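**Q** all I have is the shape, not the residue letters:
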C-alpha cells in the first residue's frame, strides 16, 4: 500500500498538483495556517461537495440533479455552489452536493462509487472527520486518529485510481470551543483528527482548507454562537464564512 501511495503521489506531482505542507498542532502555527494554491475553473468542470451534515445542510436527497437550489440544502455548499454558477456562467459547469448527515469516512467508502466516482468530478471537495471523533464521545464508538487516517487513505486511493486527474480540496474538521457540544473534553483528542486531515492533504497533493483557523479568526468579529449553532453546525453567517473561504481557493 505504501509503494502504491508513493506512486500515486509521484504521478500527481507530474500533473502539476498542488502540495500543501503539514502544520504542527501548536496554536500559534494553526492561527497562521493558510491554504496554498488556487484551482482554475475549466470548461465543463464537474464540482462535487462531499461530507457529513455540515455539507448536507438539509438538502433534498430526492433531487440528484446538479445546479438546483433544493439539492444543496442551506449550508456552505449551497452558497459556494451558487457563487460558482454565477461567476462562471460561461463555463457550463455542473455542481453537486452529496453530503449526508452523520457520515464518517467508512460511510463515504460504502457509498463512494454511486455518490462520487459515478459523477466523474473534476474538482472534489471533502469535509469529513468531526463525526469520526464525535461518535467516540457521545456513542462509545471505537475509533482513533490512526484508523481515521487509514480509512481516509483508502478512500482517496480508490478515488485517484478511478479519477487520476481530479483536483482535491480537503477541508479541516473543526469545532468552535465553548458552544454547546464542543467542550473542554474534546481536547486534546480532537486535535489528532485535525492533524490527520493535514497529513492526508499533503500525502495526496490536495489543497488544504484550514476551517479551524477560519473560525478562530472570525472570533474577533463575533461570538462562537454567532457562527455556529452548536459548535459544529453553522448559522447563516457561519455558512457564508465557510463558503467564502472555499471560494477563495478558486480563480
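**A** Structure received. None of the values given here were measured: they were computed from a predicted structure.
**Q** and the closest residue to residue 63 other than its chain neighbours, what does it touch?
**A** Nearest non-adjacent residue to residue 63, counting by Cβ to Cβ, 6 or more residues apart in numbering: residue 71, 4.1 Å away. (Each C-beta comes from the backbone N, C-alpha and C, glycine too.) Contacts for residue 71 (Cβ atoms under 8 Å, 6 or more residues apart in numbering) come out as 59, 60, 63, 64, 65, 96, 97.
**Q** tell me who's in contact with the residue nearest to the first one when sequence neighbours are not counted.
**A** What that stands for is residue 59. Excluding the flanking residues, the one nearest residue 59 by Cβ to Cβ, 6+ apart is residue 73, at 3.5 Å. Neighbouring residues of residue 73 by Cβ under 8 Å, 6+ apart: 55, 56, 57, 58, 59, 60, 97, 99.
**Q** could you measure from residue 73 over to residue 83?
**A** 15 Å (Cβ to Cβ, to the nearest Å).
**Q** just residue 143 next, same as before
**A** Look at residue 143 and residue 83: by Cβ to Cβ, they are 34 Å apart.
**Q** quick one: mean pLDDT for the helix or strand containing residue 194?
**A** In the assignment (DSSP states H and E), residue 194 maps to helix 189-203. Averaged over helix 189-203, pLDDT sits at 97.
**Q** what's the first helix or strand after that helix?
**A** Proceeding N to C from helix 189-203, the next assigned helix or strand is strand 207-209, under DSSP H and E.
**Q** what pairs with that next one, and is each one parallel or antiparallel?
**A** strand 167-171 (parallel) (DSSP bridges).
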